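> using only what follows, build the 3D model:
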Amino acid sequence: MNHASLTALLLLATSQVFAEGTPGFILIPAQGGMMGGGGAGSTLVDPKGTTVKSFSVAGYNSYLLPNGHILGQTGNGSAAAMGYASLVEQAAGSATAINTWTASGGSFHHAHWLMPNGHWLGTYTVKINPKTALPGFTGSLNSIWDEWIQEWDPVAKKVVWEWKASEHTSATNHPRKFNNNLFKSNDPLHINSVVYDSARDLVVMSSHYLFEVLVIDHSTTTAEAKTSTGGKYGKGGDLLFRWGCSKNYGAGGAAVSDVVHGGGVIQAGLPGAGNFSLFGNSDNTVKQSRWYEVKGQESDTGWVIGSNGEFVATLAFDFYNSSYQSTGHYGYGQRLANGNTLITYSGSQKLVEVTPAKAVVNVLTGNTIRAFHYAPDHPAIVSLGLGSSSVQRIMSNGVGIQASWGQILATGLVAGSRLRVLDAQGVIRYETIASAERASIPAGSWANGAYVLQVLQNGKSSSQTIALTR
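Numbers count the residues shown, from 1 in each chain. Here you go, the predicted model:
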């Protein structure tokens, strides 16, 4: 593969389900690496569980970069330290750090995420005095860990966006803020997952001790993120949506599940796109580990709060099975392109793939906090020499998409169809009206990252997420 050329890979293709699971590869960061177990790294396995690549870095979670390197964490993540020393980029089979971001003045907490623009998004903890830092705080605590979400530019070595939980608290119940007088420990939130929604420019996270999935606006500036105004939804850094325990803001609903983990969002182009997800270690109804997918009611100013004071949400999908349980702390779920869901059960040390009909189609062994599936045409897989960049897909409205060599080619168009491409921030990068059956979109000068192609044809809209990498 010529890495000097621009290769466009359609990430979210529909794949046939084989007996051993959806084609592709699964990255498994060793759980021992997270807890300072000594020397444990990450492995990339095929659907049968055969290791195809090994990495020396692990951490609480790890991700593959488009160039085939890994982004992981160093340090033991102990409760005393409240996190990790560094985020590091390494190549397969190497212990040498190619790029490093080291914590200063605080600690990297559990979670990080690779953004389409190449930046690293993650949780950061800083000790504060709640009596002076939180408005109206009446508790006895003299210190707590404040949770920050930061976006780091690993090339420029600087923070380019920041949100602080302490700046969105209230002394009373408020659906879009944290009631700081419910803080009873020095680790009141314990954010254990962070995911970026590139289609809507949102940050989605989960709280261990609040038992909730939480959503904030990333379209704000850092200055706006300190306030309750600004950004696409006009709410600044206040919560746009939350689900899992509405009694946290006075609406009365008990926690759906204990020790929530792995909060996220179904990414654009996947079945259920835009729905939020979380992993509950013990559902309060079925008393089992349970993966939830919920659909909130979205509006131009955030998600709707109903007459009962709760955010309006319906359960779109869930899965639990007594054969697979988590540890009381961990667990994760990932929607795949064919509609299946890959669920990490840390306690059982199993990676379970289930269909929309909740049939189990594959089970692998993996002692990890969270595993992550990569399609055969993902840029990282192609860069590692394990996949192919020859990709062609058919969108739901019958339009064919082929991406390679600096252009995106759409076929099967009807004259008058509207095409446009949005970047990860929702900015329109290209727009045209088709005059023929084929349309070529030049992409050779575009930066690496995720883009969404939208096609309106015959009154039917369809979209496809595209990842561009050099």
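> so which elements touch the host helix or strand of Tyr60?
Assigned by DSSP states H and E, Tyr60 belongs to strand 58-64. On a contact count with 3 or more C-beta pairs under 8 Å, 6 or more residues apart in numbering; DSSP states H and E, strand 58-64 meets strand 25-29, helix 31-34, strand 42-45, strand 70-74, strand 107-114, strand 372-374. Where C-beta positions appear, they are placed from N, C-alpha and C, glycine not excepted.
> from the chain's centroid, how far away is the helix or strand following the last one?
Toward the C-terminal end, the helix or strand that comes next after strand 372-374 (DSSP H and E) is helix 379-383. In terms of C-alpha atoms, centre = their mean, to the nearest Å, the gap separating the centre of helix 379-383 from the centre of its chain is 19 Å.
> and stretch 120-133, what's buried?
Neighbour-count burial for stretch 120-133, with 16 or more other C-beta atoms under 10 Å as criterion, is recorded at 120-126, 128, 130, 133.
> out of those residues, which sit inside strands?
120-126, 128 (DSSP state E).
> who touches the helix or strand in which Arg429 is found?
In this structure, Arg429 is located in strand 428-433 according to DSSP H and E. Residues outside strand 428-433 that contact it (C-beta atoms under 8 Å, 6 or more residues apart in numbering) are 416-423, 439, 441-442, 446, 451.
> what residues does the strand holding Tyr60 touch?
27, 29-30, 32-34, 40-42, 44, 55, 70-75, 77, 84, 110-114, 369-370, 372, 374, 378, 380-381.
> please redo it, this time with the cut-off set to 7 Å
Applying C-beta atoms under 7 Å, 6 or more residues apart in numbering, the external contacts of strand 58-64 come out as 27, 29-30, 33-34, 40-42, 70-74, 77, 84, 110-112, 114, 369-370, 372, 374, 380.
> residue ranges with poor pLDDT in the stretch 51-200 of the chain?
For the stretch 51-200 of the chain, the stretches with pLDDT under 70 are 75-84.
> list buried residues within the contacts of strand 428-433.
So, by 16+ other C-beta under 10 Å, the buried ones in these are 417, 419-423, 439, 441, 446, 451.
> strands - which of those land there?
Residues of these located in strands (DSSP E): 419-422, 439, 441, 451.
> ok, which pair from these is furthest apart?
For these, the maximum inter-member distance is 16.3 Å, found between Leu422 and Ala439 (C-beta to C-beta).
> the residue nearest to Gly398 when sequence neighbours are not counted and Val452: what is the separation?
Using C-beta to C-beta, 6 or more residues apart in numbering and skipping residues adjacent in sequence, the residue nearest Gly398 is Gly412, 5.4 Å away. According to C-beta to C-beta, to the nearest Å, Gly412 and Val452 sit 19 Å apart.
> which one's more surrounded, those two?
Val452 (19 against 16; other C-beta atoms under 10 Å).
> endpoints of stretch 121-137, how far apart?
29 Å (C-alpha to C-alpha, to the nearest Å).
> quick one: contacts of that stretch?
Residues outside stretch 121-137 that contact it (C-beta under 7 Å, 6+ apart): 82-83, 87, 105-113, 115, 139, 141-151, 166, 169, 171, 180-181, 183, 191, 194, 196, 203.
> which of these fall within strands?
87, 107-113, 144-151, 169, 191, 194, 196, 203.
> tell me, how many residues neighbour Ala223?
11.
> what number of residues lie near the nearest residue to Ala30 once chain neighbours are set aside?
Excluding its sequence neighbours, the residue lying closest to Ala30 (C-beta to C-beta, 6+ apart) is Ala40, at 3.5 Å. Applying other C-beta under 10 Å, we find 20 residues neighbouring Ala40.
> what about Ala40, which helix or strand?
Counting by DSSP H and E, Ala40 is found in no helix or strand.
> and it, what's its pLDDT?
Predicted confidence (pLDDT) for Ala40: 70.
> any idea how far Ser56 is from it?
9 Å.
> circling back: so who does the residue nearest to Gly398 touch?
Counting by C-beta under 7 Å, 6+ apart, Gly412 makes contact with 398-400, 437.
> buried subset of these?
Applying 16+ other C-beta under 10 Å to the contacts of Gly412 flags Val399 as buried.
> give me the subset of the contacts of Gly412 lying in strands.
Using DSSP E, the members of the contacts of Gly412 that fall in strands are Gly400.
> how about JSON lines for the contacts of Gly412, with pLDDT added?
What follows is the contacts of Gly412, written out as JSON lines (pLDDT from 0 to 100):
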{"residue": "Gly398", "pLDDT": "76"}
{"residue": "Val399", "pLDDT": "83"}
{"residue": "Gly400", "pLDDT": "80"}
{"residue": "Glu437", "pLDDT": "86"}
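> ok, so of the contacts of Gly412, who is nearest Thr227?
Nearest to Thr227 out of the contacts of Gly412 is Val399 (C-beta to C-beta; 41.8 Å).
> could I get the contacting residues of the closest one?
410, 412-413, 455, 457, 462.
> ok, 8 Å please
410-413, 417, 455, 457, 462.
> among these, show me the least confident.
For these, the least confident entry is Ser462, with 81.
> buried residues, stretch 330-348. List them.
So stretch 330-348, judged by 16+ other C-beta under 10 Å, has buried residues 330-346, 348.
> and the residue lying closest to Pro130 once chain neighbours are set aside, helix, strand or coil?
Of all residues not flanking Pro130 in the chain, Phe137 sits nearest, at 4.7 Å (C-beta to C-beta, 6+ apart). Of the three states, Phe137 takes coil according to DSSP: H, G, I helix; E, B strand; the rest coil.
> and Glu162, by the same measure?
Following three-state DSSP, we place Glu162 in the strand state.
> I'd say it and Ile149 touch.
Yes: judged on C-beta atoms under 8 Å, Glu162 makes contact with Ile149 at a distance of 7.2 Å.
> more neighbours: those two, which one.
Between Glu162 and Ile149, counting by other C-beta under 10 Å, Ile149 is the more crowded of the two (25 against 18).
> how about the contacts made by that one?
121-124, 162-163, 191, 194, 203, 205, 216.
> give me the number of residues near Gly302?
22.
> which residues touch it?
Here Gly302 is in contact with 176, 233-235, 240-241 (C-beta under 8 Å, 6+ apart).
> of those residues, select the buried ones using a PyMOL command.
Per 16+ other C-beta under 10 Å, the buried members of the contacts of Gly302 correspond to this PyMOL selection:
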select buried, resi 176+233+235+240+241
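> just flag the most distant two among the contacts of Gly302.
The span of the contacts of Gly302, defined through C-beta to C-beta, is set by Gly234 and Phe241 at 14.3 Å.
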